[in-house]
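K.L.:
from the sequence below, what's the structure:
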Amino acid sequence: MLKKLRYLYSSIRNLGSYTTAINDNFLDYCIRHHKVIGWYNGLPVHSAFLAPGFSKPLANTMARRLISNMIQEPLPGVVNFGVTDICNAKCEHCSFYGNTMHKPELDIVSKNEMKKILKDCQDFGISVINFVGGEPLLNDNLPDLISSLDKNKTVSSVYTNGWFLKEKAKELKDAGIMIVIVSLDSVVPSKHDKFRRLPGLFERAIEGIKECQKLGLLTAISTTVTQEDLQNRNFEKMIQLSKKLKVNELIVFDTMPIGMYSHRVDLSNDKIDFQRLFQIVDKYNKDESFPGIFCYAHFRSQMAFGCSAGRNYFYITPYGEMCPCDFTAQPIGNILKEPLPNLWRKLSQDRKNVSGNYMNECCSQDTPKIKIENSEKLINIKTDKKNIK
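P.N.:
Numbers count the residues shown, from 1 in each chain. Down below sits the predicted model:
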């Protein structure tokens, strides 16, 4: 009896530190830090890629992982949903335009069809939904789509170039978005605007970030880096800008030879020094005064989870097609024509049949097998459509 009482006392006394250690170790493994970057509905947020701590969407995530382990089959937890194929920018590195996922001859799915797709995703256990484009804020239905989500199952974010963000921020806040992610490619306004071929974009993006912060929204910057950015310290300048702007997270993608950059063999020849990249990331992640830094190269590496496509993640095009990810132009089927679980099984089975590849080749920094014709030229991006109603 005395031993039982002692065990009970020890459990109560050490439970807090025990669960904290589990949480911190998982986060360090997953995103290379365990600091709280902000709060969403009173709950701690560690990254835009994760449901908030102690939340019902996180419970949904954990339940799906348990079921996945029981049935010994992968189940998705994250989806990127392209809600439009139009954009007001013409970014030179865009992974959507210049990719066979872009089908300008097709109409995008309707608002009600998008709502059905979102419900199907939630019914299948998706706990994190990221709205992408094109430029997703050009879809006037976006706030309604966000509002339609069951917030007990799923949290959501939106990736935007920021041009329309200032005037759209309150709608996003009222709809219940968790975090707004704004793309910035240089700390120098003129360089950023030239890269995205849209004069004035940098300043409008900054104004949009500040408006979101006034409304209490979590904000993040998404940026891409090359080996040159590491060498000339442009990457660290972006980290400093993120701190100055008081965003909650900096999301870092290494530049890949895909989409509009499919012709960039130099990206394969001059590979990023990932060890150096991770050293920089770790340096600032240890400093609580800086935003959390999510490094996609770490997340998809063998140090973490490897490529998530077909294991925990998939992408939906504006036409309703399921693809392994935003970077892989290989449609599995259309969600409006075939049940989502069936398509997922096809995707996960295809993943199993890829022998010898731990990651998809598009992420390996090697020259991809899939070449997009005329990717070195700016293709006819649809910018003449009106906002989607």
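
K.L.:
what about the longest helix in this structure?
P.N.:
What stands out as the longest helix in the chain, according to DSSP state H, is helix 2-31.

K.L.:
which of the residues in the next helix or strand after that helix are buried?
P.N.:
Downstream of helix 2-31, the next assigned helix or strand under DSSP states H and E is strand 38-40. For strand 38-40, burial by neighbour count (16 or more other Cβ atoms under 10 Å) applies to Gly38, Tyr40. For the C-beta atoms, the positions are set from N, CA and C on the backbone; glycine is no exception.

K.L.:
any idea how many residues pack against Ser147?
P.N.:
Residues near Ser147, counting by other Cβ atoms under 10 Å, number 14.

K.L.:
other SSEs contacting the worst-scoring helix or strand of the chain on mean pLDDT?
P.N.:
None of the helices or strands of the chain scores lower by mean pLDDT, DSSP states H and E than helix 266-269, at a mean of 76. Of the remaining helices and strands, none touches helix 266-269 by 3 or more Cβ pairs under 8 Å, 6 or more residues apart in numbering; DSSP states H and E.

K.L.:
can you name the helix or strand that Asp350 falls in?
P.N.:
Using DSSP H and E, Asp350 falls in helix 340-352.

K.L.:
helices along the stretch 201-350 of the chain, start to end?
P.N.:
Using DSSP state H, counting those that start in this stretch, the helices found in the stretch 201-350 of the chain span residues 201-214, 227-231, 234-245, 266-269, 274-285, 296-299, 340-352.

K.L.:
contacting residues around stretch 310-317?
P.N.:
Here stretch 310-317 makes contact (Cβ atoms under 8 Å, 6 or more residues apart in numbering) with 74-82, 85, 101, 103, 117, 305, 322-326, 328, 331-332, 335, 344, 347-348, 350-351.

K.L.:
an error on my part: the question was meant for stretch 46-59.
P.N.:
By Cβ under 8 Å, 6+ apart, stretch 46-59 touches 23, 27, 30-31, 33-37, 39-41, 43-45, 60-61, 78, 127-128, 130, 151-155, 157, 178-179, 181, 218, 220, 249, 251, 292, 294, 299.

K.L.:
the same query, at a cut-off of 7 Å, please.
P.N.:
27, 31, 34, 36-37, 40, 43-45, 61, 127-128, 152-155, 157, 179, 181, 220, 249, 251, 292, 294 (Cβ atoms under 7 Å, 6 or more residues apart in numbering).

K.L.:
which residues in this structure form strands?
P.N.:
38-40, 43-45, 78-82, 128-132, 155-160, 179-183, 218-225, 249-254, 292-295, 313-316, 321-323, 333-334 (DSSP state E).

K.L.:
for those strands, give me CSV that also has distance to His192.
P.N.:
What follows is the strands of the chain, written out as CSV (distance: least, Cβ to Cβ, whole Å):
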stretch, distance to His192
strand 38-40, 24
strand 43-45, 26
strand 78-82, 23
strand 128-132, 19
strand 155-160, 14
strand 179-183, 9
strand 218-225, 10
strand 249-254, 15
strand 292-295, 19
strand 313-316, 25
strand 321-323, 28
strand 333-334, 36
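
K.L.:
could you dump the ones you listed to JSON lines with distance to His93 and mean pLDDT?
P.N.:
Output for the strands of the chain, formatted as JSON lines (distance: least, Cβ to Cβ, whole Å; pLDDT from 0 to 100):
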{"stretch": "strand 38-40", "distance to His93": "28", "mean pLDDT": "98"}
{"stretch": "strand 43-45", "distance to His93": "28", "mean pLDDT": "98"}
{"stretch": "strand 78-82", "distance to His93": "17", "mean pLDDT": "97"}
{"stretch": "strand 128-132", "distance to His93": "15", "mean pLDDT": "98"}
{"stretch": "strand 155-160", "distance to His93": "14", "mean pLDDT": "98"}
{"stretch": "strand 179-183", "distance to His93": "10", "mean pLDDT": "98"}
{"stretch": "strand 218-225", "distance to His93": "6", "mean pLDDT": "97"}
{"stretch": "strand 249-254", "distance to His93": "10", "mean pLDDT": "96"}
{"stretch": "strand 292-295", "distance to His93": "18", "mean pLDDT": "97"}
{"stretch": "strand 313-316", "distance to His93": "17", "mean pLDDT": "95"}
{"stretch": "strand 321-323", "distance to His93": "19", "mean pLDDT": "94"}
{"stretch": "strand 333-334", "distance to His93": "28", "mean pLDDT": "96"}
